[in-house]
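Visitor: next comes the sequence, and after it the predicted model I'd like to discuss.
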Amino acid sequence: EPEVTQTPSHQVTQMGQEVILRCVPISNHLYFYWYRQILGQKVEFLVSFYNNEISEKSEIFDDQFSVERPDGSNFTLKIRSTKLEDSAMYFCASRLRAPYNSPLHFGNGTRLTVT
Amino acid sequence: ILNVEQSPQSLHVQEGDSTNFTCSFPSSNFYALHWYRWETAKSPEALFVMTLNGDEKKKGRISATLNTKEGYSYLYIKGSQPEDSATYLCALATTGNQFYFGTGTSLTVIP
């Protein structure tokens, strides 16, 4: 069964450094998402992406964050200048269609540790 | 931000016991309610997508019900097995393209 893949599985970075988290969504899916989960807290929405542009973003997704789909297969999340509070598990998800009854397919996540 | 609550936060049951847990959500913003199962070291996996008041869905020993008027959904597991141990997440789908997740219920089934 096709799946969403994320790399790396674990990224350690120093505060102030840039990181890029990579995702390869399921190939025929049209809607892409980034979520994060800080340890012990809820899964939080960051951003959704459709038709090569951001369709929605949360308050968390400030100017330090950006997303790209550079080549039609990868979907990346960049954090320009990481802060300690960016340490979290970051999940990429995709889905085939927009309607609310189409489920999300998640990757295994990237654990980001900012020191 | 919409508040989706799940209870209990964690649950330990003996193998063979049946169990259930709750997801509560604001009924005024309802479009669909998703249940996901999240095993350790794996990604969340879709269990059910429920859209209609009174909906009941079943997959093997796991079933879910939905009450959109009062804003809750129950997930039931009949005859729990150790492989059912996981975190069960619910997510409210609203207009647009957003999902609001609960904190999850962590289930441990003791052999």
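Guide: Yep, that arrived. Residues are numbered from 1 along each chain as shown, chains lettered A, B, ... in the order given.
Visitor: hang on, A:G109 packs against A:M89?
Guide: Yes - with contact defined as CB atoms under 8 Å, A:G109 reaches A:M89; the gap is 4.7 Å. C-betas here are computed from N, CA, C, even on glycine.
Visitor: neighbour count: those two, which is higher?
Guide: A side-by-side neighbour count of A:G109 and A:M89, using other CB atoms under 10 Å in any protein chain shown, places A:G109 first with 24 against 16.
Visitor: quick one: pLDDT of that one?
Guide: A:G109 is assigned a pLDDT of 94 by the prediction.
Visitor: contacting residues around it?
Guide: Taking CB atoms under 8 Å, 6 or more residues apart in numbering or on different chains, we find A:G109 in contact with A:Q6, A:S9, A:M89, A:Y90, A:F91, B:S43.
Visitor: so which of the residues you listed belong to strands?
Guide: Using DSSP state E, the members of those that fall within strands are A:Q6, A:M89, A:Y90, A:F91.
Visitor: burial of the third one, as a residue count?
Guide: Residues near A:Y90, counting by other CB under 10 Å, number 22.
Visitor: and the last one, by the same measure?
Guide: By the other CB under 10 Å criterion, the neighbourhood of A:F91 contains 26 residues.
Visitor: what do you get for the first one?
Guide: Using other CB under 10 Å, A:Q6 has 22 neighbouring residues.
Visitor: tell me what it is bridged to.
Guide: Note on A:Q6: beta-bridge partners by DSSP bridges are A:C23.
Visitor: still on that earlier bit, out of the ones in strands among the contacts of A:G109, the closest to chain B would be?
Guide: Closest to chain B out of the ones in strands among the contacts of A:G109 is A:F91 (7.0 Å), distances taken as CB to the nearest CB.
Visitor: would A:K78 count as being in a helix?
Guide: No - secondary structure of A:K78 (DSSP: H, G, I helix; E, B strand; the rest coil): strand, not part of a helix.
Visitor: verify the contact between it and A:V67 for me.
Guide: Yes - using CB under 8 Å, A:K78 makes contact with A:V67 at a distance of 7.4 Å.
Visitor: dihedrals phi and psi, residue 26?
Guide: Because you didn't say which chain, this covers chain A. phi -60, psi 140 (degrees, to the nearest 10).
Visitor: wait, I meant chain B there
Guide: phi -70, psi 120.
Visitor: quick check, pLDDT for it.
Guide: With respect to pLDDT, B:P26 scores 91.
Visitor: neighbours of it, how many?
Guide: By other CB under 10 Å, the residues close to B:P26 number 14.
Visitor: what's the answer for A:D86, then?
Guide: Using other CB under 10 Å, A:D86 has 20 other residues around it.
Visitor: what's it in contact with, if anything?
Guide: Taking CB under 8 Å, 6+ apart as the contact definition, A:D86 lies against A:I79, A:L112, A:V114.
Visitor: leaving out sequence neighbours, find the closest residue to residue 55.
Guide: Since you didn't name a chain, this refers to chain A. Using CB to CB, 6 or more residues apart in numbering or on different chains and skipping the chain neighbours, the partner closest in space to A:S55 is A:S48 (4.8 Å).
Visitor: that's the wrong chain, I wanted chain B
Guide: Using CB to CB, 6+ apart and skipping the chain neighbours, the partner closest in space to B:D55 is B:L66 (4.4 Å).
Visitor: kind regards, and thank you for your time.
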